[in-house]
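> here you go, sequence then predicted model.
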Amino acid sequence: MGIYHAYKLVIRRIYKLYKHVGIILSILRGYLRFKQSFIRRDIEGTGALAQQHSVAVFIHWEAKGFVHPYVVHYLEALREAGFSILFVTNAPKLPERSIEILKPLCMRILWRKNVGYDFGAYKEAVLYLEDQLPHLDRLMLANDSVYGPLMPLNRSLQRADPALADVWSMTDSWERRYHLQSYFLLLYPRALKSQEFLSFWKQIRYVNNKAFVISKYELGFTRAMLRGGLNVHALYPYEEIVAKVVEAWGSGARNTRELRKLHERTRAFVDQILDFIITGMPVNPTHFLWDQLVLRMGFPFVKRELLTQNPGNVPWLTLWEGIIRQASEYDTRMIRDHLKAHSQQR
């Protein structure tokens, strides 16, 4: 081995060790944070939150504290669906212009330090509402990690029958273990009055490590709810999604004339996803099956990360706008404008 390659190997190992140490330190800092609240400002909006029976907690982050039009659209859709909004932002700053945009839409606005990511913000919001929880008919936990709703939100919410489940999500996942995906959660009184629900949020530590938060809290939330004897369900369950995909792509479709016309990379992608489904290997439907969700199932959201980063290398994402327009009257300029703004932050 040459000196140059040995040098590269040493640097790579040092960097790997540095990352592991950083992860351990961030977790330790989280467990040593005894401060109960990281709220910087509590701002009054429009209306009395304490008198409401359907509340949506909406979590926001933006580098400059801007409230983009796609977020405004989401907030308006929540209000149309009958929810009063507690807006929580983890942004490093909150301009007065943003506050003026939010005040007519939200009953309270909490600006907090970005400690613990979305689950840290969810925790502070739930504890802020602690005395009100037993009196709520519905509590929604949502965030700005999706574009939409592409369709009226009540079309999806009418599926959320409290007789079938106490806790609902838009989508669920079998990756690692079964869990509800936390970008959209809807809870009914039986969950809100349960000791397990409040205990889960009280035990959360403000850890600034994404992998830890997902493993411990996103996956842990569903486990805690099930342990408390609560029923959990997804509005668009994974089994229903893959059944639609197999219907569209499977049943001999690999040899159809339509599929043969596809670009070679697209055919390879379709084959790979079908192989995963057939062999029982779970995939993230909001990424790998996003177009089927929107076109075939009327799913009301597109994950923001899919369009800004495309971590799964999903092909033909450049066609996102046309696909959304096929299924919805959503103003895609809101997404385009946000993508332009996001590109300037890299």
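All right, it came through fine. Note that the structure is a prediction, hence the values are computed from the model and not measured.

> in the chain, which residue is closest to the centre?
The chain has residue 183 as the residue nearest its centroid, 2.4 Å off, counting by C-alpha atoms, centre = their mean.

> doesn't residue 172 make contact with that one?
No - contact status for residue 183 versus residue 172: not in contact, 11.7 Å apart, counting by C-beta atoms under 8 Å. In short, each C-beta sits where N, CA and C put it, glycine included.

> returning to that earlier point: contact partners for the residue nearest to the centre of the chain?
Counting by C-beta atoms under 8 Å, 6 or more residues apart in numbering, residue 183 touches 142, 143, 145, 146, 170, 301, 303.

> and if you look at residue 48?
Here residue 48 is in contact with residue 107 (C-beta under 8 Å, 6+ apart).

> what pLDDT does it get?
Here, the pLDDT recorded for residue 48 equals 92.

> do residue 79 as well
For residue 79, the predicted pLDDT is 98.

> what helix or strand does it sit in?
Assessed by DSSP states H and E, residue 79 sits inside helix 69-80.

> by contact count, what packs against that helix?
Judged by 3 or more C-beta pairs under 8 Å, 6 or more residues apart in numbering; DSSP states H and E, the packing partners of helix 69-80 are strand 54-60, strand 84-89, strand 138-143, helix 153-157, helix 333-343.

> pLDDT score for the residue nearest to the centre of the chain?
Looking at residue 183, its pLDDT stands at 97.

> show the backbone phi and psi for it.
With angles defined as degrees, to the nearest 10, residue 183 sits at phi -70, psi -10.

> which residue packs closest to it, ignoring adjacent ones?
residue 145 (5.0 Å; C-beta to C-beta, 6 or more residues apart in numbering).

> list the contacts for that neighbour?
118, 183, 303, 304, 305.

> nearest to residue 97, of the residues you listed?
residue 304 (21.9 Å; C-beta to C-beta).

> and the closest one, how far is that from residue 146?
6 Å (C-beta to C-beta, to the nearest Å).

> wait, residue 186 touches residue 157, no?
Yes - counting by C-beta under 8 Å, residue 157 is a contact partner of residue 186 at 7.3 Å.

> compare the two (neighbour count), which wins?
residue 186 (25 against 18; other C-beta atoms under 10 Å).

> in stretch 274-289, which residues are buried?
274, 277, 283, 284, 285, 286, 287, 288, 289 (16 or more other C-beta atoms under 10 Å).

> over to the fourth one: give its phi and psi.
Dihedral angles phi and psi of residue 284 (degrees, to the nearest 10) take the values phi -80, psi 110.

> for it, what are its contacts?
173, 175, 312.

> and what of residue 112?
Neighbours of residue 112 in contact, by C-beta under 8 Å, 6+ apart: 37, 38, 39, 40, 88, 89, 90, 120, 121, 124.

> with distance to residue 64 added, can I get those in JSON lines?
Converted to JSON lines, those look like this (distance: C-beta to C-beta, whole Å):
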{"residue": "37", "distance to residue 64": "24"}
{"residue": "38", "distance to residue 64": "20"}
{"residue": "39", "distance to residue 64": "20"}
{"residue": "40", "distance to residue 64": "16"}
{"residue": "88", "distance to residue 64": "17"}
{"residue": "89", "distance to residue 64": "11"}
{"residue": "90", "distance to residue 64": "13"}
{"residue": "120", "distance to residue 64": "21"}
{"residue": "121", "distance to residue 64": "18"}
{"residue": "124", "distance to residue 64": "22"}
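
> tell me which of the residues you listed fall in helices.
Mapping those onto helices (DSSP state H) picks out 120, 121, 124.

> the last one reaches residue 57, doesn't it?
By that I understand residue 124. No - using C-beta under 8 Å, residue 124 makes no contact with residue 57, being 9.4 Å away.

> need the overlap of contacts for the two.
With C-beta under 8 Å, 6+ apart as the test, residue 124 and residue 57 both reach residue 88.

> leaving out chain neighbours, which residue sits closest to residue 167?
Using C-beta to C-beta, 6+ apart, the closest residue to residue 167 is residue 232 (4.5 Å).

> my error: substitute residue 200 in the last question.
residue 224 (4.4 Å).

> what pLDDT, on average, does the strand or helix carrying the one you found get?
Taking DSSP H and E as the criterion, residue 224 maps to helix 219-227. Helix 219-227 carries an average pLDDT of 97.

> quick check: angle from that helix to strand 138-143?
Put simply, helix 219-227 runs at 160 degrees to strand 138-143, going by axes from the mean of the first three to the mean of the last three C-alpha atoms, to 10 degrees.

> show residues contacting helix 219-227.
By C-beta under 8 Å, 6+ apart, helix 219-227 touches 166-167, 176-180, 182, 185, 191, 196-197, 199-200, 232.

> apply 6 Å and report the result again.
167, 179, 180, 196, 200, 232 (C-beta atoms under 6 Å, 6 or more residues apart in numbering).

> quick check: buried residues in that helix?
For helix 219-227, by 16+ other C-beta under 10 Å, it's 219, 220, 221, 222, 224, 225.
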